[in-house]
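*Asks:* Any chance you can model this:
(one chain, ligands or ions: 2)
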Amino acid sequence: MDSDSPTEPFVSVVIPLYNEGSHVSALLSDLKTALEETGCQFDVILVDDGSRDDTWERIKAEARTLSNLRAVRLSRNFGKELALCAGLERARGDAVIVMDGDGQHPPSLLPVMIEKWRSSGIDIVQAVKAKRGRESLASKLGALFFYVILNKLSGFELKGASDFKLMNRKAADTWLAMRERNVFFRGMTAWMGFNTLQIPFEVAARRGGKSGWSYFKRWKLAFIGITTFSSLPLHLVTFVGVIFFIFAVGLGIQTLYLKLAGRAFTGFATVILLELIIGSLLMISLGIIGEYLARIYEEVKGRPRYIVTESIDLAEGKTRLLPSGNGGARPANHD
Ligand code: UDP
Ligand code: MG
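*Replies:* Residues are numbered from 1 along each chain as shown. Ligands and ions are numbered 1, 2, ... in the order given. From the prediction side, this is the model:
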């Protein structure tokens, strides 16, 4: 199935899977068709992100027939970003393609991406959403709001960006050298600033199952995205504090003057209003500082990014049980 030509590049495809058991085999057969068309050698690295369905059993069954399939199973649901880390750390290809496993990222685009990479020698080929697939209005508005904020805060244009991209070895290695625990894949890729070629694609409908992203997970990723990419919210706290101080000095002088003139304010309305405004502002400011503190806390703990319980490696041709916790190890090939 692999091309025998030594000049053909080797491509690794990394796919995180969370409860995608119903369509793993359809996904792999589409991938195989698309990749064989390119004539490249390839392997597929599936990361089972602690699925609760039969995803891992399906992967094991597929591995019996597909020799260039590698897979790892994480000990629990670590979230897509960390599942991606697990896959990227195992990808050995000259180019690494990252895509979703729910059919929303069409495998038919892979030959186009590989062709663009080979003909232009570009570092990253990024598929951008020409049209977002069927999504609820709340989800669309949420994404728009998040990208507008992130764009204003960090200066990176991520609207339409997806986690469907090809990275050459240089870009993949550079990405892997970033050892943070709070991972935001598309933001970090944009941050690297390598030459990027964009190709539009239409988000297909999910093949089956349902989105593994709860509102809570989306919020968490949004907070990680904003706090890891900009310290502006912290400066904003200082800025609002200064504005309020100026306001306080003015109001203080006026109040004192009125008091001395015997015309002091009566009633509690003003006091209550001020208390409420200042109280809320203090809480919000503490919350903002807390978000940054949480990020620092997670980083300094230095725990592994994910924990692998089982893996399937084509080199060994069998499933093996791994000692837990290698997600924090530095890649061996960096020195
Ligand atoms: N995914 C994952 N872990 C999670 C949630 C999702 O590995 O906690 C995978 C999922 O199996 C899919 C990809 O990430 O391959 C995109 O997820 P999903 O389709 O649920 O996200 P959406 O398309 O709704 O943004
Ligand atoms: Mg999806």
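*Asks:* Please name the residues that touch R218.
*Replies:* Neighbouring residues of R218 by C-beta atoms under 8 Å, 6 or more residues apart in numbering: S139, G142. Where C-beta positions appear, they are placed from N, C-alpha and C, glycine not excepted.
*Asks:* May I have the secondary structure class of it?
*Replies:* Assigned with DSSP: H, G, I helix; E, B strand; the rest coil, R218 falls in the helix class.
*Asks:* and what of P304?
*Replies:* coil.
*Asks:* Give me the number of neighbouring residues for it.
*Replies:* Neighbour count for P304, taken as other C-beta atoms under 10 Å: 15.
*Asks:* Same question for I59.
*Replies:* I59: 28 neighbours (other C-beta under 10 Å).
*Asks:* ok, it touching A71?
*Replies:* Yes. Here I59 reaches A71: they are 4.8 Å apart, a contact under C-beta atoms under 8 Å.
*Asks:* Overlap in contacts, those two.
*Replies:* L46, D48, I312.
*Asks:* low pLDDT regions in the stretch 201-335 of the chain?
*Replies:* The stretch 201-335 of the chain contains residues with pLDDT under 70 at 265-267, 314-335.
*Asks:* quick one: contacts of stretch 102-111?
*Replies:* If you take C-beta under 8 Å, 6+ apart as the criterion, stretch 102-111 is touched by 13, 20, 23, 26-27, 30-31, 33-35, 37-38, 97, 99, 127, 133, 162, 164, 199, 201-209, 211.
*Asks:* start to end distance for that stretch?
*Replies:* Stretch 102-111 has its terminal residues 19 Å apart, counting by C-alpha to C-alpha, to the nearest Å.
*Asks:* starting at the chain centroid, how far to it?
*Replies:* Offset of stretch 102-111 from its chain centre (C-alpha atoms, centre = their mean, to the nearest Å): 18 Å.
*Asks:* what ranges do the strands span in this structure?
*Replies:* In the chain, strands defined by DSSP state E lie at 10-17, 41-48, 69-74, 95-98, 124-131, 165-168, 196-202, 308-313, 318-321, listed in chain order.
*Asks:* Any chance you could list what contacts stretch 193-202?
*Replies:* Residues outside stretch 193-202 that contact it (C-beta under 8 Å, 6+ apart): 105-106, 109, 112-113, 116, 120, 122-131, 133, 162, 164, 170-171, 174.
*Asks:* Kind regards, and thank you for your time.
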